[in-house]
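Undergrad: Sequence first, predicted coordinates after that:
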Amino acid sequence: MDKDDQKAQKSGSDARKFFNAITDVPGIEVGHCTDVDNLTGTTVILARNGAVAGVDVRGAAPGTRETDAIHPINLIEKVHAVVLTGGSAYGLAAVDGVMSYLEGQGIGFPLGNGNVVPIVPAAALFDLGRGGTAFSGRPIAAFGLRACEGAKTGTIAQGNVGAGTGALTGVLIGNELKGGMGTASTDLGTGVMVGALVAVNAGGSPVNPDTGEFYAAFLERDNEFGGLQRTSALSPQGDKDQRITRKTDAISHTTIAVVATNVALTKTQATKVAQMAHDGMARAIRPVHTMFDGDAIFALSTGKRAIEDLERVGIWGDMAARINTIGSAAADTLARAIIHAMLAAEGIAGMQSYTDKYGR
């Protein structure tokens, strides 16, 4: 346990500055590589000391890498990074740069004689050709390397950055708004943190097209959304009869995310947290997990707190109650991160942002 963790254990969450970001989870760093010219990019979530991981994929058109490796029945116990990237399946090439970076740091699964293989699961979203850019403009290995070199704790850039650079939402229901990258965190007390990071590129919309209201706005904490207008003050949008029947180009969607906690979890428990976190996506985006989305969520446990630090008592057992608490918090935190992504996004290349259309 490092000095910061000792301080946090002694005095609770007050020992750390709160950023309302996934980096509030000790052991997590985030870096972006942003290509504004091609409206794409890559985001890396680093866990240099390793993190137990789980994953749950619910979209019907996923683009992923190394998800089988972290299945609970398989060998690998910890990952060293997760990559969220644009560029569809092509963009998964960015993982090569992340692996090179970690190998250079000596971080990875040990193979003896100083050799390692970094374990880096990844998920991609479809932004190819967005805003009239070239279909060939997509992330390569250098994107992953640059994202790692810029990775840090503390405040995270949101909106049109990293994997959220060319993100777009609402195409399936005719309420197109610029998507992006968003983050949030929840303090569960006794030093236990839950965080989320998400690239929102959904075929559905986080915004009710009839009112302009965020579906998950009710989850706001401490005025974090900055005083959104009341529903009655927003402009009605959309035609109910046209929803989900509108023709769309290609499989051009997908929301991908990472949720994390500093509580020690097993691979099976982390997988359950990833499953529960999808409820947050479903609260915030409608429709979600469609045939045209590759929605995927990774869950990471940095293991800096014992799960017993989370004081919960359950009728079917205290451990089950603790997992329920973490998974529920992950879902709500992810839903809030989705709204942050939409509020931080900026209009670009003909894509209108939420604030362009509705203000604040």
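TA: In hand now; what should we look at? Numbers count the residues shown, from 1 in each chain.

Undergrad: Could I get the buried residue list for the helix or strand where residue 32 lies?
TA: Using DSSP states H and E, the element containing residue 32 is strand 29-35. Buried positions in strand 29-35, judged by neighbour count with 16 or more other C-beta atoms under 10 Å: 29, 30, 31, 32, 33, 34, 35. All C-beta spots, glycine's among them, are computed from the backbone N, C-alpha and C.

Undergrad: same thing with stretch 95-109?
TA: So, applying 16+ other C-beta under 10 Å, buried residues of stretch 95-109: 95, 96, 97, 98, 99, 100, 101, 102, 107, 108, 109.

Undergrad: just how off-centre is the helix or strand that contains the second one within its chain?
TA: What that stands for is residue 96. Residue 96 belongs to helix 94-104 when elements are defined using DSSP H and E. On the basis of C-alpha atoms, centre = their mean, to the nearest Å, helix 94-104 sits 20 Å off its chain's mean C-alpha point.

Undergrad: Show me what it is packed up against.
TA: strand 78-85, strand 115-117, helix 141-149 (3 or more C-beta pairs under 8 Å, 6 or more residues apart in numbering; DSSP states H and E).

Undergrad: Just the CA coordinates for the longest one, please, in CSV.
TA: Extracted in CSV, the C-alpha atoms of helix 141-149 (Å, rounded to 0.1, in the frame of the first residue of the first chain):
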residue,chain,number,x,y,z
ALA,A,141,-0.3,1.9,-33.6
ALA,A,142,1.1,5.4,-33.1
PHE,A,143,-2.3,6.6,-31.6
GLY,A,144,-2.0,4.1,-28.8
LEU,A,145,1.6,5.0,-28.1
ARG,A,146,0.8,8.7,-28.0
ALA,A,147,-2.2,8.1,-25.7
CYS,A,148,0.0,6.2,-23.3
GLU,A,149,2.6,8.9,-23.3
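
Undergrad: that older thread, export the buried residues of strand 29-35 as a markdown table, with columns for distance to residue 253.
TA: Below are these laid out as a markdown table (distance: C-beta to C-beta, whole Å):
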| residue | distance to residue 253 |
| --- | --- |
| 29 | 28 |
| 30 | 23 |
| 31 | 25 |
| 32 | 21 |
| 33 | 22 |
| 34 | 20 |
| 35 | 20 |
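
Undergrad: Confirm for me that residue 201 is in contact with residue 125.
TA: Yes: with contact defined as C-beta atoms under 8 Å, residue 201 reaches residue 125; the gap is 4.3 Å.

Undergrad: Could you pull out the residues contacting both of the two?
TA: In terms of C-beta atoms under 8 Å, 6 or more residues apart in numbering, residue 201 and residue 125 are both contacted by the residues 167, 253, 254, 255, 256.

Undergrad: Turn the buried residues of stretch 95-109 into CSV, including distance to residue 221.
TA: Output for these, formatted as CSV (distance: C-beta to C-beta, whole Å):
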residue, distance to residue 221
95, 34
96, 38
97, 35
98, 32
99, 37
100, 39
101, 34
102, 34
107, 34
108, 37
109, 38
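
Undergrad: export the residues you listed to JSON lines and tack on pLDDT and distance to residue 343?
TA: Converted to JSON lines, the buried residues of stretch 95-109 look like this (pLDDT from 0 to 100; distance: C-beta to C-beta, whole Å):
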{"residue": "95", "pLDDT": "98", "distance to residue 343": "29"}
{"residue": "96", "pLDDT": "98", "distance to residue 343": "33"}
{"residue": "97", "pLDDT": "98", "distance to residue 343": "30"}
{"residue": "98", "pLDDT": "98", "distance to residue 343": "28"}
{"residue": "99", "pLDDT": "98", "distance to residue 343": "34"}
{"residue": "100", "pLDDT": "98", "distance to residue 343": "35"}
{"residue": "101", "pLDDT": "98", "distance to residue 343": "31"}
{"residue": "102", "pLDDT": "98", "distance to residue 343": "33"}
{"residue": "107", "pLDDT": "98", "distance to residue 343": "34"}
{"residue": "108", "pLDDT": "97", "distance to residue 343": "37"}
{"residue": "109", "pLDDT": "96", "distance to residue 343": "39"}
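
Undergrad: Nothing else from me, thank you.
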